[in-house]
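Trainee: generate coordinates for the sequence data below:
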Amino acid sequence: MDVNHGLMDTIAAIATPVGTGGIAIVRLSGPDAFAIAGRMIKLRKGTALEEMKSWSMALGDVLEQASGRLIDECIVLVMKACRSYTGEHVVEIQCHGGTVVAEKVLSLAFKLGARPAGPGEFTKRAFINGRITLDEAEAVLDIVTSSSEAALFQAGRRLKGELGAMVSRWEGQIVDLLALLQGAIDFPETIEAERSEIQGMLEGLKNDITAVLERAPLGLALSQGVEVCLVGRPNVGKSSLFNALLSRDRAIVTDVPGTTRDVLRETTEWYGLPVVLLDTAGLRETGEVVEALGVERAQTAATESNVILYVLDDTQGICAEDVKWLDKWQGRNCLAVVTKTDLNKSQVDIEQLEQICGDSWVYVSGATRFGVEDLKKKVQSMFAGVGDPEALAPGSARQVDCLERALDEIEAAIEYLNQGWTDDVIALALEAAAGALMELTGKQVSGETLDRIFSRFCVGK
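Mentor: Below you'll find the model as predicted:
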């Protein structure tokens, strides 16, 4: 697939959210951006838009070409090729905020030759034109969608190129290793010294990549958010706990079992961790059609979530149904949450609970908020990573996959070296490792991969 297809077009899109606001920005990028903007904007200073210096701004009027009718006054920002975000000529038209005026300005650009930009096409062009690497492009989306300060911090580091620089350094080390292997082939009398050096370099690479991969759960959690699902039998206190974890009343709380029928979903933040909290219908056998659908959705939500909070009623104890569900989710990020502790009617056998869950349980009260912060901290700790919590982490499943494949090939190279395989076999594994790393930064990438990445972006970014 030709990743450069369509780059000769000039694209346009609204770069600001839909709705009323202070300003709306219409962005154009491509070889004809200046010509198109120049035909629809008359600068107040009387000069041609094409004569503006790069990174300069001017006041002007957006005019309908056929009638000369004023659409809006605007501020126009000009960025010339090579020094713009996309690497192409870019014009940003800042008009008054509002859906109608922005759409009108955009439609004028289309009439004069621009075409609608696809999702993320401005950033895609920035990558194709060498302005940013692919991991930096993904960081742009992570910044736009970040829902916590910690997520923003990690995305900002990746946008600055810290992850790409680390990966490029590993690529350089692999190139050095390949040179040593070639030297061992050409000068066999030095082979023992060379192989000792190669062994040390391979072990160092393995340790460095492993350390970054150990932080992958945190990186993915920050960029994608963590789904935390509350499940349990009816009327055990899930909805009260849901409200307590959100610090506001969102779910209806009654003494009637089966009140919650559908999955409730709310976004929050726990100690820097973006969380999507789910409240579900009580797990039980029922002949009522709507409730049965709710129970089915509850099971699906639990299966697909990152963390399961299995809620137990401290006034009822642990029944066989609870044991069945807790056993089912062994091996998952599952916490048993003992609720209604404020009623002082403890029936939960802690020894039995620890036999089932180990130390993966916590006491809470949805009514008094006792233990709620401890619960949040336990969930956050599942994704805190290894070592320094501010250490750089990968931000997408694609990046993790590239690193895992590179690590597999490096471990294979170490095994080949220890088993006495020929140098050309070791070199093949190292070349595959380098290829995986180059995929991460986009030095080697397919059109399908690019389409999949940038389809997640909004139009205008």
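Trainee: so what's Phe153 up against?
Mentor: By Cβ atoms under 8 Å, 6 or more residues apart in numbering, the contact list for Phe153 reads Glu390. (C-beta placed from N, C-alpha, C; glycine too.)
Trainee: and it, how far is that from Gly219?
Mentor: 11 Å (Cβ to Cβ, to the nearest Å).
Trainee: likewise for Lys160?
Mentor: Following Cβ to Cβ, the distance that separates Lys160 from Gly219 is 15 Å.
Trainee: neighbour count for the two, which is higher?
Mentor: Gly219 (27 against 12; other Cβ atoms under 10 Å).
Trainee: which residue packs closest to the more buried one, ignoring adjacent ones?
Mentor: Ala393 (3.0 Å; Cβ to Cβ, 6 or more residues apart in numbering).
Trainee: quick check, that neighbour in a helix?
Mentor: No - going by DSSP: H, G, I helix; E, B strand; the rest coil, the assignment for Ala393 is coil, not a helix.
Trainee: wait, isn't it in contact with Ala221?
Mentor: No - between Ala393 and Ala221 there is no contact under Cβ atoms under 8 Å: 9.2 Å.
Trainee: any shared contact partners between these two?
Mentor: Contacts common to Ala393 and Ala221, judged by Cβ under 8 Å, 6+ apart, are absent.
Trainee: tell me how far the ends of stretch 132-151 are from each other?
Mentor: Taking Cα to Cα, to the nearest Å, stretch 132-151 runs 20 Å from one end to the other.
Trainee: which residue packs closest to Val91, ignoring adjacent ones?
Mentor: Nearest to Val91 is Ala37, by Cβ to Cβ, 6+ apart, at 4.2 Å.
Trainee: tell me what the strand or helix carrying Val425 is packed against?
Mentor: If you go by DSSP states H and E, Val425 is part of helix 423-441. When contacts are defined as 3 or more Cβ pairs under 8 Å, 6 or more residues apart in numbering; DSSP states H and E, helix 423-441 packs onto helix 134-145, helix 162-186, helix 397-418.
Trainee: just the angle between the following helix or strand past it and helix 423-441, please?
Mentor: Later in the chain than helix 423-441, the nearest helix or strand by DSSP H and E is helix 447-454. Between the axes of helix 447-454 and helix 423-441, defined by axes from the mean of the first three to the mean of the last three Cα atoms, to 10 degrees, the angle is 40 degrees.
Trainee: what segments of the chain are strands?
Mentor: 11-14, 23-29, 41-43, 56-63, 70-79, 90-96, 115-116, 226-231, 264-270, 273-279, 307-313, 334-339, 361-363 (DSSP state E).
Trainee: and those as CSV, adding distance to Ser107?
Mentor: Below are the strands of the chain laid out as CSV (distance: least, Cβ to Cβ, whole Å):
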stretch, distance to Ser107
strand 11-14, 10
strand 23-29, 10
strand 41-43, 14
strand 56-63, 11
strand 70-79, 10
strand 90-96, 13
strand 115-116, 10
strand 226-231, 40
strand 264-270, 35
strand 273-279, 37
strand 307-313, 47
strand 334-339, 53
strand 361-363, 57
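Trainee: distance to Leu141, mean neighbour count and mean pLDDT for these - can I get that in TSV?
Mentor: Listed next are the strands of the chain as TSV, based on distance: least, Cβ to Cβ, whole Å; neighbours: other Cβ atoms under 10 Å; pLDDT from 0 to 100:
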stretch	distance to Leu141	mean neighbour count	mean pLDDT
strand 11-14	16	24	96
strand 23-29	17	24	96
strand 41-43	30	18	97
strand 56-63	27	16	96
strand 70-79	21	19	96
strand 90-96	19	23	96
strand 115-116	20	14	96
strand 226-231	18	24	93
strand 264-270	17	16	89
strand 273-279	14	23	90
strand 307-313	24	25	93
strand 334-339	30	24	92
strand 361-363	34	19	92
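Trainee: and these: which comes nearest Ile143?
Mentor: strand 273-279 (13.3 Å; Cβ to Cβ).
Trainee: if we can go back for a sec, tell me the contacts of the residue nearest to Val91?
Mentor: Leu28, Leu49, Val76, Val91, Ile93, Ala109.
Trainee: repeat the analysis, applying 10 Å as the threshold.
Mentor: 10, 12, 26, 28, 49-50, 52, 60, 62, 74, 76, 78, 89-93, 105, 108-109, 112, 114 (Cβ atoms under 10 Å, 6 or more residues apart in numbering).
Trainee: got a pLDDT number for it?
Mentor: pLDDT, Ala37: 97.
Trainee: likewise for the one 3 residues further on?
Mentor: According to the prediction, Met40 has pLDDT 96.
Trainee: count of neighbours near Arg39?
Mentor: Arg39, neighbours per other Cβ under 10 Å, totals 17.
Trainee: do I have it right that it meets Leu108?
Mentor: Yes - in this structure, Arg39 is within contact of Leu108 by Cβ atoms under 10 Å, at 8.8 Å.
Trainee: any residues in contact with both of these two?
Mentor: By Cβ under 10 Å, 6+ apart, the residues touching both Arg39 and Leu108 are Leu63, Gln65.
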